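Engineer: How does the following fold in three dimensions:
(chains A, B, C and D)
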2 protein chains.
Amino acid sequence: MPPRKNSRSHNVTILDVAREAGVSPSTVSRVLNSQDHVRPDKRARVLTAMTRLGYVVNQQARSLAGGRSHVIGLLVHEVGVSYTGEIIRGIEEELVAAQYELMLYTTHRRKTKESTYVATLTRGMTDGLLLLLPLNPQAYLESLHQERFPYVLIDHQGTNEACPAVAATNRRGSYDATSYLIELGHRRIGFITGEMRLGCAVDRLEGYKAALADHGIAFDPALVVEGHFLQPDGYAGANALLALPDPPTAIFASNDVSAFGVMDAVRDHGLRIPEDISVIGFDDIPEAAHVHPGLTTVRQPLEQMGQLATRMLLRQIKDPEYTGERVELPTELVIRQSCQPPRAAREHTTARRRRLKEGYSS
Amino acid sequence: MPPRKNSRSHNVTILDVAREAGVSPSTVSRVLNSQDHVRPDKRARVLTAMTRLGYVVNQQARSLAGGRSHVIGLLVHEVGVSYTGEIIRGIEEELVAAQYELMLYTTHRRKTKESTYVATLTRGMTDGLLLLLPLNPQAYLESLHQERFPYVLIDHQGTNEACPAVAATNRRGSYDATSYLIELGHRRIGFITGEMRLGCAVDRLEGYKAALADHGIAFDPALVVEGHFLQPDGYAGANALLALPDPPTAIFASNDVSAFGVMDAVRDHGLRIPEDISVIGFDDIPEAAHVHPGLTTVRQPLEQMGQLATRMLLRQIKDPEYTGERVELPTELVIRQSCQPPRAAREHTTARRRRLKEGYSS
DNA sequence: GCGGTAACTGGTAGCGTTTTCAAAAATGTT
DNA sequence: AACATTTTTGAAAACGCTACCAGTTACCGC
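Structural biologist: Numbers count the residues shown, from 1 in each chain, chains lettered A, B, ... in the order given. Below is the predicted model:
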């Protein structure tokens, strides 16, 4: 007697479909995988039989039999931030079109040996892996590579150029934002870095420096504060910058979330945005448009990045010969209301002094 | 000749482990599933053989053979908001302990017939389903129920009391928050609702009304503005409330995100929080603590809710007899800096008038 | 020591697919 | 009409594991 999974009634299998349609299981399988070499009339018979019986393919069996599992894995550090959400949206869009499912792996929870970890991911469960902004991917990247397991990095500047990856033009975006502030007339521009272990954070700092240099403005290390892409970092950083003897007239935060922290700090000092201090961010997460004043920021095409990465991964899965390359998507300066030219030197200082005093006394 | 999956070398299976350890495949399987009835020495031999060979279990085969798939599905409306993120964190914690994996399904992307959809979910891929704040779950809830497929609702007030679900004491939390404001001395309290198709939003409005009634304050429909849990809703709602001839002295937003919108609007009116207007939220997402002033809010134990739901689901999977019940976790008022007593009537109005004028003129 | 029970162990038949491989049918060619 | 191709088809063997069924061994009380 065949063991039943549960007490549940017998699942309909391709055998049932085959019987119903009067063909062999092989033919049903061929129809399922939309292969050629099936006569149109039989294909139609199979299709109707499938709908009549309410057949649903069993992925487990399919993948065990040597097919693909039709699942890809997403390795992500933190879910629940807009940045991740936007990218996942892009991934899902592409996946649903390709009839693939998404397996979520969060890195912070893992304590097992990396090697085993990758093996687990690799073995059967998924056909490929998307690595979203990994902090230290060297460990598994190597195993992945030598196992020739399909993967794509998202938003990571690998040391290895050969890695299939998609990212945004971080350096360029940062350069543009800084130039924009300079062209508005700002000369002292504060900068709050991101998590400097991440290549994108380094690139953004470099873009800032390059823009300064190209416009003949000396780089002042006092204007750079280290952060980690978090709101409190922006808050603390801005506080430090505003306490400077000669504070900046604009602050560039390495991502929108920390820019929100900056905005809070600026307001806590009794200063107004953009009248007293201009603030600019990076990412263009949805909140940037919802905040008041609207945050001027550098748009990363997050959703598009997710889509592209997924397409690259799926292509790798289909065609083992294809090894994706590194792609950079263009950033774009999104101008909202959080920046304006600084006040003329004299008027500026007096007005700010007055306002600072007011702010502190309240 | 056995067909090879790829050109990859032969995967190590339990047969290899069995040979290496000098036992039968059955014994290896028993060790894998940590069943009893295996002598310690053999178990040890198997374990060492497994590590020596670098064995990794093949989940597909395992589940196909009638075991569990060791995967649960999470049906979620929107990923990338803190609310979801916190809950997922809780889910993951529980899952990693139980050696389960997480499959992510986002609802918005689906256009297929519900019935097929559930069947797909049900068939093989996952052992159970977590439904996070589903908008209209009736469709699949029914099929799920009659298929006796394990599932747990998170943060949803089903019409059916029998549904296994975990939620927070929304009504009570809202009652507490409103009472707190009343006890501070507020009499006119604005309320911004959440998405009213969701039970939790309805409950929160009810809690607000109940607190008002219990304190002998007449309910004024003019003070209630409908929102959908989004930041712009809070902004627009607060603007509407502040434009009232007799504006509220405090605003209660149905979730933190819309409370942030309220804070923006209040500031745009040149008013200060909490001196001129008190603001209170609901959820206690991480940002609530990072914003300035810190947002007083009603804490939902989101992470804990995720954990509990997962535990309930896993228990259902293990024990088909067990049908989870509805559980409500207690909310807690988290007092930060965004509320204070309203100014005494006279001083209050003059001060606000002055400030309003200032705000508008700038 | 002996039957009886309980703890172990191995053999093997599936689970539902895909994938050869070869046979059968259809098509084209002279 | 006979032959050479090319499409279509079906049978059957995996894929790696679990679950059932016997068969072994170990333990216990007499």
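
Engineer: Could you pull out the helices in chain A for me?
Structural biologist: Residue ranges of the helices in chain A, as given by DSSP state H, are A:14-21, A:25-32, A:40-53, A:59-64, A:82-98, A:114-120, A:138-146, A:170-184, A:199-214, A:231-242, A:256-268, A:286-290, A:302-318, A:345-361.

Engineer: Of all those helices, which one comes closest to B:D41?
Structural biologist: Of all these, the one in closest proximity to B:D41, counting by Cβ to Cβ, is helix A:114-120 (24.2 Å). Yep, even glycine has a C-beta here, placed from its N, CA and C like the rest.

Engineer: Just the mean pLDDT for stretch A:235-246, thanks.
Structural biologist: For stretch A:235-246, mean pLDDT is 97.

Engineer: gap between A:R343 and DNA strand C?
Structural biologist: Going from A:R343 to DNA strand C by Cβ to the nearest atom of the strand, to the nearest Å gives 69 Å.

Engineer: for A:I280, same thing?
Structural biologist: Applying Cβ to the nearest atom of the strand, the value for A:I280 to DNA strand C is 52 Å.

Engineer: number of nearby residues for that residue?
Structural biologist: 29 (other Cβ atoms under 10 Å in any protein chain shown).

Engineer: DNA strand D contacts on chain A?
Structural biologist: Residues of chain A found near DNA strand D (Cβ under 7 Å from any atom of the strand) are A:1, A:3, A:23-27, A:30, A:36-39, A:42, A:61, A:64-66.

Engineer: can you rerun that using 6 Å?
Structural biologist: Within chain A, the residues that sit near DNA strand D (Cβ under 6 Å from any atom of the strand) are A:3, A:23-27, A:36-39, A:42, A:64-66.

Engineer: Could you double-check that A:P274 sits in contact with A:P342?
Structural biologist: No. Between A:P274 and A:P342 there is no contact under Cβ atoms under 8 Å: 9.4 Å.

Engineer: Run a quick neighbour tally on A:G190.
Structural biologist: Neighbours of A:G190 under the rule other Cβ under 10 Å: 26.

Engineer: OK, contacts around it?
Structural biologist: Applying Cβ atoms under 8 Å, 6 or more residues apart in numbering or on different chains to A:G190 gives the contacts A:L223, A:V224, A:V225, A:G237, A:A238, A:L241, A:P247, A:P248, A:A250, A:I251, A:F252.

Engineer: So A:D246 sits against A:R187, correct?
Structural biologist: No. Judged on Cβ under 8 Å, A:D246 makes no contact with A:R187 at a distance of 10.3 Å.

Engineer: Of those two, give the one with the bigger neighbour count.
Structural biologist: Neighbour count, other Cβ under 10 Å: between A:D246 and A:R187, A:R187 has more, with 16 against 9.

Engineer: The closest residue to A:P286 other than its chain neighbours and A:A238, how far apart?
Structural biologist: In space, and not counting its chain neighbours, A:P286 is closest to A:S82: 5.8 Å by Cβ to Cβ, 6 or more residues apart in numbering or on different chains. Distance of A:S82 to A:A238, given as Cβ to Cβ, to the nearest Å: 21 Å.

Engineer: what about these two, which has more around it?
Structural biologist: Neighbour totals were compared for A:S82 and A:A238, and A:A238 leads with 32 against 21 (other Cβ under 10 Å).

Engineer: burial of the nearest residue to that one once chain neighbours are set aside, as a residue count?
Structural biologist: In this structure, A:A238 finds its nearest non-sequential neighbour in A:A265, 3.6 Å apart by Cβ to Cβ, 6+ apart. Using other Cβ under 10 Å, the number of residues around A:A265 comes to 24.

Engineer: A:A265 against A:Y235, yeah?
Structural biologist: Yes. Contact criterion Cβ under 8 Å: A:A265 and A:Y235 qualify, at 4.7 Å.

Engineer: Give the intersection of the neighbour lists for the two.
Structural biologist: Listed as contacting both A:A265 and A:Y235 by Cβ under 8 Å, 6+ apart are B:H292.

Engineer: Please report how far the closest residue to DNA strand D within the stretch 201-350 of chain A lies from A:I72.
Structural biologist: Closest residue of the stretch 201-350 of chain A to DNA strand D, Cβ to the nearest atom of the strand: A:P320 (17.7 Å). Taking Cβ to Cβ as the measure, A:P320 and A:I72 are separated by 15 Å.

Engineer: Compare the two (neighbour count), which wins?
Structural biologist: More crowded of A:P320 and A:I72, by other Cβ under 10 Å: A:I72, with 27 against 11.

Engineer: Can you pull out the low-pLDDT segments for chain A?
Structural biologist: For chain A, applying pLDDT under 70 flags the ranges A:1-9, A:108-120, A:122-124, A:158-161, A:344-362.

Engineer: So which residues on it come close to DNA strand C?
Structural biologist: Contact residues (Cβ under 6 Å from any atom of the strand) of chain A with DNA strand C: A:2, A:11, A:13-15, A:25-26, A:29, A:32-33, A:57-58, A:61-62, A:64-67.

Engineer: which of those are close to chain B?
Structural biologist: Among these, the residues lying close to chain B (Cβ under 8 Å from any Cβ of the partner chain) are A:N11, A:V57, A:N58, A:A61, A:L64, A:G66.

Engineer: Report how many residues lie close to the fourth one.
Structural biologist: Same thing as A:A61. Neighbours around A:A61, by other Cβ under 10 Å: 16.

Engineer: I am assuming it contacts B:G66, so please confirm or correct that.
Structural biologist: No. At 11.7 Å, A:A61 does not count as touching B:G66 under the criterion of Cβ under 8 Å.

Engineer: With adjacent residues omitted, what lies nearest to the residue positioned nearest the centre of chain A?
Structural biologist: The centroid of chain A falls nearest to A:I87 when counting by Cα atoms, centre = their mean (4.5 Å). Distances taken as Cβ to Cβ, 6+ apart place A:G306 nearest to A:I87, at 4.0 Å, with adjacent residues excluded.

Engineer: same question, A:T178
Structural biologist: A:A211 (3.5 Å).

Engineer: Check whether that neighbour really touches A:I182, as I assumed.
Structural biologist: Yes. Counting by Cβ under 8 Å, A:A211 does reach A:I182; the two are 6.6 Å apart.

Engineer: Show me which of those two is the more surrounded one.
Structural biologist: Regarding A:A211 and A:I182, a neighbour count based on other Cβ under 10 Å identifies A:A211 as having more, with 23 against 18.

Engineer: which ones are touching that one?
Structural biologist: Applying Cβ under 8 Å, 6+ apart, we find A:A211 in contact with A:S174, A:Y175, A:D176, A:A177, A:T178, A:S179, A:I182.

Engineer: State the distance from the nearest residue to the second one once chain neighbours are set aside to A:F219.
Structural biologist: Leaving out its chain neighbours, the residue that sits closest to A:Y175 by Cβ to Cβ, 6+ apart is A:G207, at 4.0 Å. Plainly put, A:G207 is 13 Å away from A:F219 if you go by Cβ to Cβ.

Engineer: Neighbour count: these two, which is higher?
Structural biologist: In this view A:G207 and A:F219 are compared by other Cβ under 10 Å, and A:G207 has more residues nearby, 25 against 12.

Engineer: Is it correct that that one is in contact with A:Y180?
Structural biologist: No. A:G207 is not in contact with A:Y180 according to Cβ under 8 Å; the separation is 11.8 Å.

Engineer: Show me chain A divided up by domain.
Structural biologist: Domain ranges of chain A: A:14-57, A:71-167+A:303-328, A:170-300+A:334-361, per automatic domain parsing.

Engineer: quick one: which of those is nearest B:E101?
Structural biologist: domain A:71-167+A:303-328 (6.2 Å).
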